[in-house]
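>>> Any chance you could fold what I've pasted below:
(2 chains, ligands or ions: 5)
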Amino acid sequence: MSLLDVERLTVDLATPQGTLHAVRGVSFAVDRGETLCLVGESGCGKSMTSLALMDLLPKAASRRAVRLSFGGVELGDLSPARMNDLRGNRIAMIFQEPMTALNPAYTIGDQMTEGFRRHKRVGRAQAEARAVDLLGRVGIASARERLGQYPHQLSGGLRQRVMIATALMCGPDLLIADEPTTALDVTIQAQILRLLGELAEEFGLALVLITHDLGVVARIATRVAVMYAGEIVETGAAADLFAAPRHPYTQGLLDCIPVPGRTPRGSRLGAIPGVVPSLVGALKGCAFRSRCRFARPDCETDIPWRVDARGHGARCVLA
Amino acid sequence: MTILIETRDVSRAFAVGRGLFAKKRMLHAVNGVSLAVREGEVLAIVGESGCGKSTLAKMLLGLLAPSAGAVLIGGTDARSLARVEIARRVQPVFQDPYSSLNPRRRIADIVALPLEVHRVGASGERRRRAVEMLERVGLPARLAPAYPGQLSGGQRQRVAIARALVMQPEIVICDEPTSALDVSVQSQILNLLMDLQRELGTTLVFISHNLAVVEHIATRVAVMYLGRVVEEAEAGALFGAPQHPYTQALLASALTPEPGLGVPDLGLGPAFPDPLSPPAGCAFHPRCNRRFAPCDAVEPVLQPRAGGRVACHLAGV
Ligand SMILES: Nc1ncnc2c1ncn2[C@@H]1O[C@H](COP(=O)(O)OP(=O)(O)OP(=O)(O)O)[C@@H](O)[C@H]1O
Ligand SMILES: Nc1ncnc2c1ncn2[C@@H]1O[C@H](COP(=O)(O)OP(=O)(O)OP(=O)(O)O)[C@@H](O)[C@H]1O
Ligand code: SF4
Ligand SMILES: [Mg+2]
Ligand SMILES: [Mg+2]
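Ligands and ions are numbered 1, 2, ... in the order given. Below is the predicted model of the structure:
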């Protein structure tokens, strides 16, 4: 069994307009040393999926799943106390918005070492030494001085790197990273992606990475899951998915970005006209059909998931 | 080709300090930049976060005064031009389509506002031109009475572009116009900008850190590092044969969507650039993997090389 095994995960949100189905039956698995990338349009449910795994959903949200197992343990059955033991320790998360995750009233040093000291039962000096080491590895100079600073004294890029270092403190088995490098320069981004890759190789870190950046996905993903309107519409090994996308939404996404050397300079880029359907209320058939140039009558019916021998799956009448 | 706008040795420093009473230190956001924007071109400005791109853009727009040097618009020092005169010729499109539009005004009024400010035509005429411009950027006339909150991110950025274009400015300065948007919306906006540049002959200054996008639409590129231009060249030349080690690192760290290539090891030093204490000599030398004797002491000047300009001691040897 995989380290993380998710089967038919659903997240519903109560809103004044009715129930919003933010995540609609998502299934995936991640093994040690693997990187799963979640991609898809803004609002398609990527953050809700990751918050559901961490049991950190907003109050208005409810989570259901056939299976939500981590290291053979069913997360849905855990008491809040047992979940607290795992969270930040064996499962760590880097949040999309660093400012909401960092407490403005505490120093960087306090926030970085708090979980480590609690989970690993070690003293302050040992925890601070680890924090300094990790800050250095994410490219933060004069790390010792940084420990005494408060979040508002750091730039967005520094904050994001503090979040990454904090998530790595306990040496987690699984790291869920929601857009972890958006505030970073491309040269620093490359450095951090290499660090995560090394951790996967050396310690078998499993990584779930949420990103809009298809370049990052292509370079580091073991598997890719493409989400649209709360569903996974396609999944496969990165090489297969980029070489031969099977879902029209994935094809559309790949056509939108210029690829140096392949897309003639100055040529028109592909586009996906139209907008995402509302997630409030029931959705039947393919949620992409109003924007799909291949749509036909049977796209309105329930479409089975089709997977090939290489594990490259898609939900589309054409697949 | 005619030079529309030009900076001559322009600098901008900010006084920054920690506490209320702490001594202020000077942060040199832009440091002696000379750049010329020629009619009809797409000049891209690239560089890492905090290297001074937005500060330079604000000076080009006349929104921020240089602390030294001059901005020339059509050969005239911007200091002797009225704000409205600059705004008629140079218009901005900013990164965030959510905060740059007044949420309480209707779309048509937002686009017509520059016409009102410049007292162009009567109110009916202004409205007609606004709706025409909305259609030009791909927004149907039925959206004219809508409020920004009712539009998607891509539609809002189109409104911002329509507002920038309604006065038919000579130059539009786009500061990260697509970085807050989904890739599917980004491609629409890039297609639109390329169309406008071709059909209306609008000159574009395009600030971005997305190198694939820059390579796609720019005709010329200036690379900034810690407030300075370190390399400038025609886009084809710059992407084909980057000269400055920083440009080379930047291009190498751009991750193209090609599986199997991994993340390159750039061999850069970890010293993150800090504009509050810029290093002596070449500002890039603490990270540069090709530095040699003069680099930590002597500041390289921007000089002609391979059809462009490069500021690196290697260019002289
Ligand atoms: N607190 C909330 N209350 C109601 N709806 C919410 C709430 N948070 C998110 N949503 C809705 O849930 C859906 C999924 O949101 P989610 O944050 O998971 O998207 P995402 O894929 O992470 O998008 P992005 O790329 O913009 O971060 C969206 O339609 C969003 O509008
Ligand atoms: N009003 C200000 N007061 C103090 N410092 C400022 C001010 N505006 C900009 N700076 C500083 O000047 C430097 C250059 O900032 P600028 O916004 O021009 O960078 P940028 O290249 O646009 O970065 P980004 O890619 O992150 O947008 C930064 O170090 C920034 O913190
Ligand atoms: S199922 Fe139909 S509408 Fe959906 S992507 Fe496939 S062809 Fe298009
Ligand atoms: Mg999100
Ligand atoms: Mg900027």
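>>> residues in contact with the least confident helix or strand in chain A by mean pLDDT?
One helix or strand of chain A scores below all others by mean pLDDT, DSSP states H and E: helix A:98-101, with a mean of 76. With contact meaning CB atoms under 8 Å, 6 or more residues apart in numbering or on different chains, helix A:98-101 is reached by A:F95, A:P151, A:G156, A:R159, A:Q160, A:V162, A:M163, A:A183. Every residue, glycine included, has its C-beta placed from N, CA and C.
>>> likewise stretch B:62-81?
Counting by CB under 8 Å, 6+ apart, B:3-13, B:30, B:32-34, B:55, B:58-60, B:83, B:86-87, B:89-90, B:92, B:170 sit against stretch B:62-81.
>>> likewise stretch A:204-211?
Stretch A:204-211 is contacted by residues A:3-4, A:30-39, A:46-47, A:50, A:53, A:96, A:172-181, A:196, A:199-200, A:216-217, A:220-221 when judged by CB under 8 Å, 6+ apart.
>>> let's see it at 6 Å
Identification of contacts with stretch A:204-211 by CB atoms under 6 Å, 6 or more residues apart in numbering or on different chains yields A:3, A:30, A:32-38, A:46, A:174-179, A:199.
>>> Among the contacts of stretch B:62-81, name the buried ones.
Using 16 or more other CB atoms under 10 Å in any protein chain shown as the burial test, the contacts of stretch B:62-81 include B:4-8, B:10-13, B:30, B:32-33, B:55, B:58-60, B:86-87, B:89-90, B:92, B:170 as buried.
>>> and the nearest residue to B:Q168 once chain neighbours are set aside, how many neighbours?
Leaving out its chain neighbours, the residue that sits closest to B:Q168 by CB to CB, 6 or more residues apart in numbering or on different chains is B:L200, at 7.4 Å. The number of residues packed around B:L200, counting by other CB atoms under 10 Å in any protein chain shown, is 12.
>>> do the same with the one 5 residues further on
Neighbour count of B:V205, defined by other CB under 10 Å: 27.
>>> What of B:L211?
Neighbour tally, B:L211, other CB under 10 Å: 23.
>>> Now do the contacts for it.
Contacts here follow CB under 6 Å, 6+ apart; on that basis B:L211 touches B:A254.
>>> now do A:T10
The contact partners of A:T10, by CB under 6 Å, 6+ apart, come to A:V23, A:G25, A:R64.
>>> Okay, and which of these map to helices?
If you go by DSSP state H, the contacts of A:T10 have nothing in helices.
>>> separation between the residue in the stretch 1-150 of chain B that ligand 4 sits nearest to and A:E34?
Nearest residue of the stretch 1-150 of chain B to ligand 4: B:Y98, at 15.3 Å (CB to the ion). Distance of B:Y98 to A:E34, computed by CB to CB, to the nearest Å: 36 Å.
>>> Settle it for me: which of the two has more neighbours?
Applying other CB under 10 Å to B:Y98 and A:E34 shows that A:E34 carries more neighbours, namely 19 against 14.
>>> quick one: the closest residue in space to that one that isn't next to it in sequence and ligand 4, what's the gap?
Counting by CB to CB, 6+ apart, the nearest residue to A:E34 once its immediate chain neighbours are dropped is A:T222, at 4.3 Å. Using CB to the ion, to the nearest Å, we find A:T222 at a distance of 21 Å from ligand 4.
>>> Same question for A:L199.
For A:L199, the distance to ligand 4 - CB to the ion - is 23 Å.
>>> List phi and psi for that residue.
When read as degrees, to the nearest 10, the backbone of A:L199 gives phi -60, psi -40.
>>> need the contact list for it.
By CB under 6 Å, 6+ apart, the contact set of A:L199 is A:L205.
>>> got a pLDDT number for it?
Note on A:L199: pLDDT of 92.
>>> Distance of it relative to ligand 2?
As judged by CB to the nearest ligand atom, to the nearest Å, A:L199 and ligand 2 stand 27 Å apart.
>>> Repeat that for B:D9.
Distance from B:D9 to ligand 2, by CB to the nearest ligand atom: 17 Å.
>>> Checking that residue next. Helix, strand or coil?
Secondary structure assignment for B:D9 (DSSP: H, G, I helix; E, B strand; the rest coil): strand.
>>> show me where the chain has helices.
Went with chain A since none was named. For chain A, helices defined by DSSP H occupy the ranges A:46-54, A:80-86, A:98-101, A:108-120, A:124-137, A:143-146, A:156-168, A:186-203, A:214-220, A:238-243, A:248-256.
>>> sorry, should have said chain B
Secondary structure of chain B, counting by DSSP H: helices at B:53-60, B:83-89, B:107-117, B:123-136, B:153-165, B:183-200, B:211-217, B:235-240, B:245-253.
>>> would you turn those into a markdown table with mean pLDDT?
As requested, those are arranged in a markdown table below (pLDDT from 0 to 100):
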| stretch | mean pLDDT |
| --- | --- |
| helix B:53-60 | 95 |
| helix B:83-89 | 91 |
| helix B:107-117 | 94 |
| helix B:123-136 | 92 |
| helix B:153-165 | 88 |
| helix B:183-200 | 90 |
| helix B:211-217 | 95 |
| helix B:235-240 | 95 |
| helix B:245-253 | 93 |
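>>> which stretch among the ones you listed comes nearest A:L134?
When these are compared by CB to CB, helix B:245-253 sits nearest A:L134, at 21.5 Å.
>>> Enumerate the residues of the stretch 51-200 of chain A near chain B.
Residues of the stretch 51-200 of chain A that fall close to chain B, judged by CB under 6 Å from any CB of the partner chain: A:G139, A:A141, A:G157, A:D185, A:V186, A:T187, A:A190, A:L193, A:R194.
>>> list the contacts for the closest residue in space to the third one that isn't next to it in sequence?
Okay, so that is A:G157. Using CB to CB, 6+ apart and skipping residues adjacent in sequence, the residue nearest A:G157 is A:A183, 4.7 Å away. Counting by CB under 6 Å, 6+ apart, A:A183 makes contact with A:G156, A:G157, A:Q160.
>>> what's the spacing between A:A183 and B:F14?
Distance from A:A183 to B:F14, by CB to CB: 20 Å.
>>> nearest residue to the residue in the stretch 151-300 of chain A positioned nearest to ligand 4 other than its sequence neighbours?
The minimum distance from the stretch 151-300 of chain A to ligand 4, using CB to the ion, falls at A:D178 (5.8 Å). Closest residue to A:D178 apart from its sequence neighbours, by CB to CB, 6+ apart: A:Q96 at 4.1 Å.
>>> count of neighbours near the residue in the stretch 51-200 of chain A positioned nearest to ligand 3?
Per CB to the nearest ligand atom, A:V66 is where the stretch 51-200 of chain A lies closest to ligand 3, at 23.8 Å. Using other CB under 10 Å, A:V66 is surrounded by 12 other residues.
>>> A:V6 is in contact with that one, correct?
No - look at A:V66 against A:V6 with CB atoms under 6 Å: they stay out of range, at 9.0 Å.
>>> Quick check: pLDDT value at B:G19.
Value for B:G19, per-residue pLDDT: 56.
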